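Undergrad: With the input below, show me the fold.
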Amino acid sequence: MFLRLLKKAVPLPELDAYERYLFIGPHPDDIEMGCAPTVKRLAEAGKTVHFVVATDGSMGSADPDKTGPSLAKLRQEEAQASAKFLGAQEPIFLPFRDAGFYSVDDLSKALAVEIVRLKPDIVFASDPDLACEFHFDHIKTGQAAKAAVFMTAHEGIMRSMGISGKWQVNALAFYYTDRPNTFYPVKKWHSIRTEALKLHPSQFDSKLLHDVTKYFDLRSRRYGLKALKGRCDAFRLYGTSHIHCFPEAMEY
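TA: I've put the predicted structure just below:
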């Protein structure tokens, strides 16, 4: 009874109720993998969608001879093509090296600068609390996004770090989550993920693309059945009221 009343008094935000969206990816292909159908649907609805990529992707190859600056450049080009296909703005690439060789504090500051500049209503990032996530870049990116969303609302905190301005984000959504509380219908757009990932050939050969597509196809069906909405992308979504001293939000 208490939780039902609390959800009514402090409801989750509506994911598509905003105008400006910021998707943060640990690597150049993660936004597409986690959210491509959602991005395309939002863009087609006339929303402004920005991508920020945290790392250069320079270690994203099983071939040790295909790492470093040349791979980073290739992956940026792939991300640019994919963002254009999805209807997003030109992606922003932060200067952090792939594979976790940077601090969460530094990434938080860099993300805070972009949040103040882009002024998104809602921010998407990889879930740093996913129990089975061991990749440092995914964990750090999610942690940094959480910190940046909190920091940017407080001008004093921003000023103490030498960053001018502030911005209040209205909502924060996590993809790659094992505790979704929001299911966004993407039936019309479910094949967009495969098409977007095809634009990252440095990462996906035909077999891997087939396997990834099959997994996300089953996943979108599973969440669609759970939500009774058809195929869905799934997110862990919080409003500003849920992100500080509100432990019940974990039960939403």
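
Undergrad: Could you list which residues are in contact with Phe246?
TA: By Cβ atoms under 8 Å, 6 or more residues apart in numbering, Phe246 lies in contact with Val10. The way it works is simple: take the backbone N, C-alpha and C, and place the C-beta from them, glycine included.

Undergrad: Which pLDDT does the model give it?
TA: pLDDT, the model's per-residue confidence, is 93 for Phe246.

Undergrad: Look up the pLDDT of Asp65 for me, please.
TA: Predicted confidence (pLDDT) at Asp65: the value is 73.

Undergrad: ugh, wrong one, Phe2
TA: On the pLDDT scale, Phe2 gets 89.

Undergrad: can you tell me how far it sits from Val123?
TA: 29 Å (Cβ to Cβ, to the nearest Å).

Undergrad: Pick out whichever of those two has more residues nearby.
TA: More neighbours sit around Val123 than around the other of Phe2 and Val123, counting by other Cβ atoms under 10 Å; the figures are 27 against 8.

Undergrad: so Ala234, which of the three states?
TA: Taking DSSP: H, G, I helix; E, B strand; the rest coil as the rule, one finds Ala234 in the strand state.

Undergrad: Correct me if wrong: it contacts Pro180.
TA: Yes - at 3.6 Å, Ala234 and Pro180 qualify as touching, with contact defined as Cβ atoms under 8 Å.

Undergrad: Common neighbours of the two, please.
TA: Between them, Ala234 and Pro180 have Tyr223 as joint contacts when contacts are counted by Cβ under 8 Å, 6+ apart.

Undergrad: What is the helix or strand containing Gln76 packed up against?
TA: Secondary structure from DSSP states H and E places Gln76 in helix 69-86. Helices and strands in packing contact with helix 69-86 are listed as helix 30-44, strand 48-55, helix 192-197; criterion 3 or more Cβ pairs under 8 Å, 6 or more residues apart in numbering; DSSP states H and E.

Undergrad: next one: the longest one to chain centre, how far?
TA: When distances are taken as Cα atoms, centre = their mean, to the nearest Å, helix 30-44 is centred 9 Å away from the chain's centroid.

Undergrad: what packs against that helix?
TA: Identification of packing neighbours for helix 30-44 by 3+ Cβ pairs under 8 Å, 6+ apart yields strand 20-25, strand 48-55, helix 69-86, strand 122-126, helix 192-197, helix 206-227, strand 232-239.
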